[in-house]
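K.L.:
What would the 3D arrangement of this be:
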Amino acid sequence: MNINIENNNVQVSARKVRLVVDLIREKYVSEALKILRFNERKSIALTIAKALNNGLAIASKNSTYNLDKLFIKYISVDEGMTIKRVHARAQGRAYRVKFRTSKLKIKLCENLEKK
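P.N.:
Residues are numbered from 1 along each chain as shown. Model (predicted):
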């Protein structure tokens, strides 16, 4: 049995989120939360930690899961929609600015073997 978690509105570019996600891929959830707690990229780590805590809350409602044995089976980051804004520049000009977003998908699994 798997627990699927999706966050489609992470306000950080996918390239930056992948740097943090690579640290916790195929780790137990408790170990991943410790890694995220002391990560330098606090805003990204907090967003991922909230998603993992959401998965733990789903698992705690269902009594079939052992929370100590849950691990991250699959985690991926894809590009989300790009928010386009206009910045005023000198001499009446306007420049477009793109704010990149990303989509986070996590699959938690409970098995004795990780692979």
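
K.L.:
tell me the centre residue of the protein?
P.N.:
Closest residue to the average C-alpha location of the chain: I48 at 3.7 Å, with C-alpha atoms, centre = their mean.

K.L.:
In terms of helices and strands, where is that residue?
P.N.:
Taking DSSP states H and E as the definition, I48 sits inside helix 42-61.

K.L.:
Packing partners of the next helix or strand after that helix?
P.N.:
Sequence-wise, the next helix or strand beyond helix 42-61 is strand 70-88, with elements assigned using DSSP H and E. Contact analysis of strand 70-88 by 3 or more C-beta pairs under 8 Å, 6 or more residues apart in numbering; DSSP states H and E lists strand 2-10, helix 14-24, helix 29-37, helix 42-61, strand 94-110 as its packing neighbours. The C-beta positions use only the backbone N, C-alpha and C, and glycine is treated the same way.

K.L.:
can you redo these as CSV with mean pLDDT?
P.N.:
Rendered in CSV, the data for the helices and strands packed on strand 70-88 read as follows (pLDDT from 0 to 100):
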stretch, mean pLDDT
strand 2-10, 93
helix 14-24, 96
helix 29-37, 95
helix 42-61, 94
strand 94-110, 95
